[in-house]
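# Next comes the sequence, and after it the predicted model I'd like to discuss.
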Amino acid sequence: MNSFLSLGALAGLLALAAPAARAQQIALPPVIVQDKTQPSPRLNPEATNRAERLSDLMVRDLRLNGYQATRLRAINADKTTKLEAAERLNAKNAPVLDQQRTGILHERDQELKAVLSTDQYSNYYDARKRYDKADRDYASTATQVATQALVKSVRDPAPGRANNATIGPANPKATTRPAGNLGRNAR
C-alpha cells in the first residue's frame, strides 16, 4: 500500500512538472535596458518634429499615396533619430559625423527604393541634396530656438504661483501678513 501511494504521488508530481519543464524551454526575448540619462528616441519631440517636417516636404514633392507616405514617415522617423544621436555624440568631430550622416542617408536611400516607384525614386534621388539641406536648416534653427528659450527661462523665470510671484530674494517688509480677514484660509 505504501508503494502504491508513493507511485501515485510520484505520478502526480511528474504530471505537474511536465508543463513547468516545457515553460522553461521557451526562450524569452532579451531585456533591453534603456539609459535613463538619454532621451528616449521614441519620445524625443525634436527628432519627431524634424522627421515630420521633412516627411511633409517629401510627401508633397513626390506625390506619395497613403501607404507610401506612412512608410516614408516611419523611415524618416528612424533615420532622424539616428541622425540626432550621431549629432549629439559627434558634435565636435566633424569628419566622423559626416561619415555617419552619409551612412544613415544611404540607409534611407536603400529603404526608399522598396517604397517608391521608379519615377518617384528618380525624383527623390535628384532632390536628395535639397532635402538634406532643408533637414539641416530645420535642425540648426530648432537648436537655436531651444537654446534661446532656455536662456530666456533662466533670465526671466515664469511666475511660480498664480498670483504672479516669482522666485527671488526675500523682501523683509513683504514677509509680514496683511491685517484683516483672509477669507476661509484665515487662521
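Cool, got the structure. Numbering: from 1, shown residues only.
# where along the protein do the strands fall?
Counting by DSSP state E, the chain forms no strands at all.
# Residue ranges in it under the pLDDT threshold?
Low-confidence segments of the chain, defined by pLDDT under 70, span residues 1-45, 142-155, 157-187.
# just the helices in it please.
2-25, 45-62, 66-89, 94-113, 118-126, 128-155 (DSSP state H).
# mind listing what's buried in the third one?
Pointing back at helix 66-89 there. By neighbour count on 16 or more other Cβ atoms under 10 Å, the buried set for helix 66-89 is 68-69, 71-73, 75-86. The way it works is simple: take the backbone N, C-alpha and C, and place the C-beta from them, glycine included.
# burial measure for Arg50, as a count.
Residues near Arg50, counting by other Cβ atoms under 10 Å, number 22.
# I'd say it and Tyr138 touch.
Yes: judged on Cβ atoms under 8 Å, Arg50 makes contact with Tyr138 at a distance of 5.8 Å.
# so what's in contact with those two at the same time?
Residues touching both Arg50 and Tyr138 (Cβ atoms under 8 Å, 6 or more residues apart in numbering): none.
# State the distance from Thr118 to Tyr124.
11 Å (Cβ to Cβ, to the nearest Å).
# Report the buried residues of stretch 124-144.
Buried residues in stretch 124-144 (16+ other Cβ under 10 Å): 124, 131, 135, 138-139, 142.
# Same question for stretch 50-61.
50-51, 53-55, 57-59.
# Please tell me how far Glu107 sits from Leu116.
Glu107 is 15 Å from Leu116, by Cβ to Cβ.
# Those two - which one has more neighbours?
Taking other Cβ under 10 Å, Glu107 and Leu116 do not tie; Leu116 has more neighbours (20 against 14).
# The more buried one is in contact with Tyr125, isn't it?
No: with contact defined as Cβ under 8 Å, Leu116 does not count as touching Tyr125 (9.4 Å).
# where's the nearest residue to Ala51 once chain neighbours are set aside relative to Asp119, distance?
In space, and not counting its chain neighbours, Ala51 is closest to Thr80: 3.9 Å by Cβ to Cβ, 6 or more residues apart in numbering. Distance from Thr80 to Asp119, counting by Cβ to Cβ: 25 Å.
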